[in-house]
Every structure is written in structure tokens, then in C-alpha cells.
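S.K.: sequence first, predicted model second:
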Amino acid sequence: MSLRGRIIVLLFFIAVCAAVPLVNYTLQLRRETVKPSDLYQVVYSQLDAFRASDYPRAYSHASYSFQQKFKPDQFIEMIRQNYAGIMQADRIEFGVVRCRDQHALIQVFFIGRNGSVLPSIYSLIYEGETWKIDGARMLQRWPAGSRLGGLRT
């Protein structure tokens, strides 16, 4: 290879190496920082819709892939059968939030009037301009009097 060819190849690799950090920096600037309060609001909004028996509004908080798996009538039946415990919750507390790219996992604790705790894991996905619920897994209920970790103010 001629000297001129070697210089061109070398300059090409230098340009690629210089461009990678710039592209990465640009992508990071475009990526918004996820505020946990935005994720909490989606959970609260869907729960409010459930409590008001406004199932179309509750369904609107579900992700596109979730809506492809469950049609509105299947969604309503599933909520009535499997998630009745969350609608009777006296209050909600949130635990760990994990975000990666356009996906988030949130610990949600539904606390009943008697003090029992129904822990769950919510999966959310960022679609278009908003967060949507992609699924919720209810865990085993804790007996009344169980304490959540963390600080109390």
C-alpha cells in the first residue's frame, strides 16, 4: 500500500474513533432522565380508573403489546378475577425503581386497611411520548403488621 493510502486509512480510523464519543454524547443528551414520579403517576392513574370502574381509561394505560395479548373484555375479566386486592388498598407505597433505556420495573406495595401488604412488580415501557404498563405481577400477600423497609418521617 502506498504512503498516501496508509495516511487515508489512518485518518479514516481517527475520524471513526473521534465520532463514536460524539454520537454517544448526542444520544445521551436526547435520552430523558426518568423521574420516578412519572412512573408512579401511571400506576396511580390506572388504579384510579379501576376504582371508578372506568375500564377503558384503565386499558389506555396498558402498553401496545399488552393490548395485543388482551382485548378489552379479557382485560376487564382478568382485573376482576386476579387484581381485586389492589382496588381495596388503603394506600400505596413504592419501592425500588429500575430503569434501562425504555423499560422500567417498579416495586409497588398495596396496603390494606387491616395492614396487610400485597407486594407487586410493575413493568413499564416508554411508548411514543408516555410510559405505559406492560404487566404487573402480584406476589404473595404479607400478613397484617408487616413492616416495609426504609425510613419513616
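M.R.: Looks like it came in fine. Numbers count the residues shown, from 1 in each chain.

S.K.: how about the helices in the protein?
M.R.: Taking DSSP state H, the helices of the chain run over residues 3-30, 36-51, 55-60, 64-69, 72-82, 84-87.

S.K.: show the average pLDDT along stretch 129-138.
M.R.: Averaging pLDDT along stretch 129-138 yields 92.

S.K.: is the spatially most central residue of the chain in a bridge, and if so with what?
M.R.: The centre of the chain sits closest to Leu124, judged by Cα atoms, centre = their mean, with a distance of 2.5 Å. For Leu124, the beta-bridge partners are Ala104, Ile133 (DSSP bridges).

S.K.: quick check, it in contact with Ala104.
M.R.: Yes. Leu124 lies in contact with Ala104 (Cβ atoms under 8 Å); the separation is 4.5 Å. Every C-beta, even on glycine, is put in place using the N, C-alpha and C of the backbone.

S.K.: low-confidence ranges, this protein, go.
M.R.: For the chain, the stretches flagged by pLDDT under 70 are 23-32, 145-153.

S.K.: break this structure into its domains for me.
M.R.: The chain breaks down into these domains under automatic domain parsing: 1-31, 32-138.

S.K.: picking that back up, redo the helices of the chain as a markdown table? Include distance to Val97.
M.R.: Listed next are the helices of the chain as a markdown table, based on distance: least, Cβ to Cβ, whole Å:
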| stretch | distance to Val97 |
| --- | --- |
| helix 3-30 | 20 |
| helix 36-51 | 5 |
| helix 55-60 | 22 |
| helix 64-69 | 20 |
| helix 72-82 | 24 |
| helix 84-87 | 18 |
